[in-house]
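Q: Sequence first, then the predicted structure:
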Amino acid sequence: MAPHNDSSSAETSTNGFNRMAFQPSGSSSLTAEDLTAELGSSYDSSSLDAPITHVKRPLGPGVYVPTMCFFDKETEDVDTATIACHAVRLARAGVTGLATQGSNGEAVHLTHSERQVVTATTRKALNEAGFSHMPIIVGCGAQSTREAILLCRQAWQAGGDYALVLPPSYYAPLFAPSSQTILEFFNAVADASPIPVIIYNYPGAVNGMDMSSDIIVQLAQHPNIVGVKLTCGNTGKLNRVVAATRKLAKEYDPKKPDFLVLAGSADFSIQALAAGGHGILAGLANIAPKACIKTIELWNQGKHTEAQEMQEVVSQGDWIAIQGGVVGVKAGLEEWAGYGGYCRSPLPRPTPEQAQNWKNGFKDLILLEKSL
């Protein structure tokens with residue numbers, strides 16, 4: 001894929017708000033009273049009553065899942081009970097970490113308060129199920145530096161451990177040349193964020209903006225930028241980033257990399273591993289977490305033929321998920337797992353024919369998942 005190429009224009013510097021240092025304490029509390037009316041009857045305020053204790057949860061190689069956000073089928077209120085159950089199901093399957101507020105989590109359909117509720121609910125559910133060690137990555141992308149920093153702070157308050165940040169793109173034609181605006185944006189967010197930042201390179205979500213390996217490696221040198229998710233599918237870029245950041249590490253440990261490089265889709269899991277990547281952050285794992293995990297395990301064990309055979313099934317399932325998007329993935333969950341529901345308006349509800357087609361499309365993947 002072509003490297004990001006900003007058009008030339010003057011760019012103003014970030015203001016004082018963006019430069020303010022944030023000093024987190026050991027715990028934070030998120031008040032629930034103001035949220036209950038907004039979120040509706042499905043919201044259990046007890047999920048936010050207790051102060052959240054912040055502990056260090058290191059990132060490691062493996063499978064990370066951008067979780068779904070679930071809603072009441074009638075009212076479209078946030079369904080915290082299903083959110084909690086889904087998070088625990090994924091954790092018990094053996095995934096390495098979860099991510100809230102991504103495209104699979106319908107972040108663009110949520111208010112700031114609802115975003116905090118989803119993350120806090122996920123953290124509480126994991127803690128109570130014995131997975132307090134599991135890190136939570138929180139989507140914090142925004143069009144302004146100021147709002148991105150605010151989202152990072154709110155993610156920390158809700159129990160998030162890392163911030164996944166897309167580059168801004170709405171005013172991209174006005175950005176400074178040579179990606180200077182993008183560099184300033186990420187550095188400002190990382191300076192002010194109370195939690196470490198993971199770069200999110202997803203051209204499809206940002207009007208085609210595709211960050212080059214040079215820009216990512218440059219940003220990787222910031223002490224509060226600790227990883228990247230590459231949904232661009234460019235394994236050459238992935239390899240360059242891995243190689244460069246490995247050289248930047250004082251003592252590189254593949255089990256505990258200083259800079260985590262993740263593929264953004266399950267359909268190139270072993271390709272990413274062959275290029276030196278550390279795992280995936282992929283929406284398909286909502287439906288088939290064990291299949292995604294097993295594919296990576298087989299490759300890491302040197303069983304490359306078996307891994308390739310499993311990758312073929314995973315890739316075909318991922319193609320169904322890519323075509324159907326969050327609507328299709330929820331329909332697949334509903335048909336095969338008995339829950340999932342619908343997306344928030346204005347996303348359409350699938351027709352019976354569409355639901356059946358998605359069910360059939362995921363069949364081989366589900367059979368594989370059930371065999372593991």
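A: Noted; the coordinates are in hand.

Q: Enumerate every residue touching W336.
A: W336 is in contact with I287, K359, F362, I366, counting by C-beta atoms under 8 Å, 6 or more residues apart in numbering. All C-beta atoms are positioned from the backbone trio N, CA, C, and that covers glycine.

Q: Under the pLDDT cut-off, which ranges of the protein? List them.
A: 1-50 (pLDDT under 70).

Q: what ranges do the helices span in it?
A: 16-19, 33-39, 46-49, 80-93, 112-128, 145-157, 180-192, 213-220, 235-248, 269-274, 289-300, 304-337, 352-361, 363-371 (DSSP state H).

Q: Reformat the contacts of W336 as TSV; add neighbour count and distance to I198.
A: Output for the contacts of W336, formatted as TSV (neighbours: other C-beta atoms under 10 Å; distance: C-beta to C-beta, whole Å):
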residue	neighbour count	distance to I198
I287	27	23
K359	17	33
F362	26	28
I366	18	30
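
Q: burial measure for E309, as a count.
A: Around E309 there are 12 other residues, counting by other C-beta atoms under 10 Å.

Q: cool, A188 as well?
A: A188, neighbours per other C-beta under 10 Å, totals 20.

Q: Same question for T67.
A: The number of residues near T67, taken as other C-beta under 10 Å, comes to 25.

Q: quick one: contacts for the spatially closest residue to it that is not a sequence neighbour?
A: Of all residues not flanking T67 in the chain, L98 sits nearest, at 5.3 Å (C-beta to C-beta, 6 or more residues apart in numbering). Neighbouring residues of L98 by C-beta under 8 Å, 6+ apart: 64-67, 87, 90-91, 122, 126, 134-137.

Q: Just grab the bridge partners of L98 for me.
A: V65, I136 (DSSP bridges).

Q: K124 versus that one, what's the distance?
A: Note on L98: its distance to K124, by C-beta to C-beta, to the nearest Å, is 13 Å.

Q: OK, contacts around V197?
A: C152, Y162, A163, V165, F186, V189, A190, H222, N224, I225, V226.

Q: what's the answer for L166, then?
A: Contacts of L166 by C-beta under 8 Å, 6+ apart are G139, G141, Y200, Y202, A205, V206.

Q: How about C69?
A: So C69 contacts V78, I83, T100, G105, E106, A107, H109, L110, V118 (C-beta under 8 Å, 6+ apart).

Q: just A288 next, same as before
A: V314, G317, L365, I366, L368, E369.

Q: any chance of those in a markdown table, plus distance to H304?
A: Below are the contacts of A288 laid out as a markdown table (distance: C-beta to C-beta, whole Å):
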| residue | distance to H304 |
| --- | --- |
| V314 | 15 |
| G317 | 20 |
| L365 | 20 |
| I366 | 25 |
| L368 | 18 |
| E369 | 21 |
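
Q: Of all pairs in the residues you listed, which one is the farthest apart?
A: V314 and I366 (11.7 Å; C-beta to C-beta).

Q: State the distance from A266 to R240.
A: 22 Å.

Q: quick one: A266 and P289, what's the gap?
A: For A266 relative to P289 (C-beta to C-beta), the value is 10 Å.

Q: With K229 instead?
A: Taking C-beta to C-beta, one finds K229 at 17 Å from P289.

Q: wait, doesn't Y342 sit right on V329?
A: No. Contact between Y342 and V329 fails when scored by C-beta atoms under 8 Å: they sit 11.7 Å apart.
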